[in-house]
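Peer 1: pasting the structure only:
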């Protein structure tokens, strides 16, 4: 699997929607019910073979405790608000930043490009409800620590095999000062037309990214959004694959079966 071309859904013309993970970070913005979970779970499902092989690790943070907890056994590290509201999620980010720095020191003068291995797996840090850590967390110290760790990861982690995927409802800059450190952005259904350019960049809506007009009916609009590809300034309409609860259960069962088989061998 090419980590710079992970298939997570379809584009409007029916071709595969290929999401780049290697060498970038991804910001997903969308209103409640817009389908942020579809993008996240489609990505995890696509990565599962490499996760089982030990070439990819996913570290996940789930402040609202309802989205990523369902697949908790899939994740190498997991943080949620209720398990340790005084910093467990933030410590996960700080541990990731510390490990990333150690990896960069190890690679310095040795390698110019990152190749995943069991010794140095590609690490995907998924942060659901990113704005909780950067703006809404009631403890100011934790907010500052979280933003500092995220700044280190998003500014320095791409070259040594770290990718941060952040999902948030609020597109405003004041809830995420690090928005510009996410090169790849996905605009799902948004509440207001001006939010489109906040997510995808100036002029995106004028070029056709009508994310504010995506249907709020889940069967019609969930997982539908717009992205800008590297090769063109024009936005492309996409839809992430739907991953059901049963699909996630099957993913967990597959991962646990492979782990048991490896231990038995």
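Peer 2: Now that the structure is in, tell me what you want to look at. Predicted model, so just to flag it, every value in this text is computed and none were measured.

Peer 1: and the helices in the protein, which stretches?
Peer 2: Counting by DSSP state H, the segments of the chain that form helices are 36-52, 88-107, 130-131, 140-156, 194-200, 218-221, 245-264.

Peer 1: return the most buried member of these.
Peer 2: Mean neighbour counts were compared across those using mean count of other Cβ atoms under 10 Å; the top stretch is helix 130-131, at a mean of 24. C-betas here are computed from N, CA, C, even on glycine.

Peer 1: reformat the helices of the chain as a markdown table; add mean pLDDT and distance to residue 16.
Peer 2: Listed next are those as a markdown table, based on pLDDT from 0 to 100; distance: least, Cβ to Cβ, whole Å:
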| stretch | mean pLDDT | distance to residue 16 |
| --- | --- | --- |
| helix 36-52 | 96 | 10 |
| helix 88-107 | 94 | 29 |
| helix 130-131 | 88 | 26 |
| helix 140-156 | 93 | 26 |
| helix 194-200 | 92 | 21 |
| helix 218-221 | 93 | 20 |
| helix 245-264 | 80 | 18 |
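
Peer 1: what's the closest of those helices to residue 74?
Peer 2: Nearest to residue 74, of all the helices of the chain, is helix 245-264, at 5.6 Å by Cβ to Cβ.

Peer 1: quick one: which of the helices of the chain is nearest residue 120?
Peer 2: The minimum distance between residue 120 and those falls on helix 88-107, with 6.4 Å, by Cβ to Cβ.

Peer 1: check which helices and strands that closest one is in contact with.
Peer 2: Applying 3 or more Cβ pairs under 8 Å, 6 or more residues apart in numbering; DSSP states H and E, we find helix 88-107 packed against strand 56-62, strand 77-80, strand 122-127, helix 140-156.

Peer 1: can I get the ones you listed in TSV with distance to residue 46?
Peer 2: What follows is the helices and strands packed on helix 88-107, written out as TSV (distance: least, Cβ to Cβ, whole Å):
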stretch	distance to residue 46
strand 56-62	10
strand 77-80	19
strand 122-127	11
helix 140-156	21
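
Peer 1: alright, that wraps it up for me.
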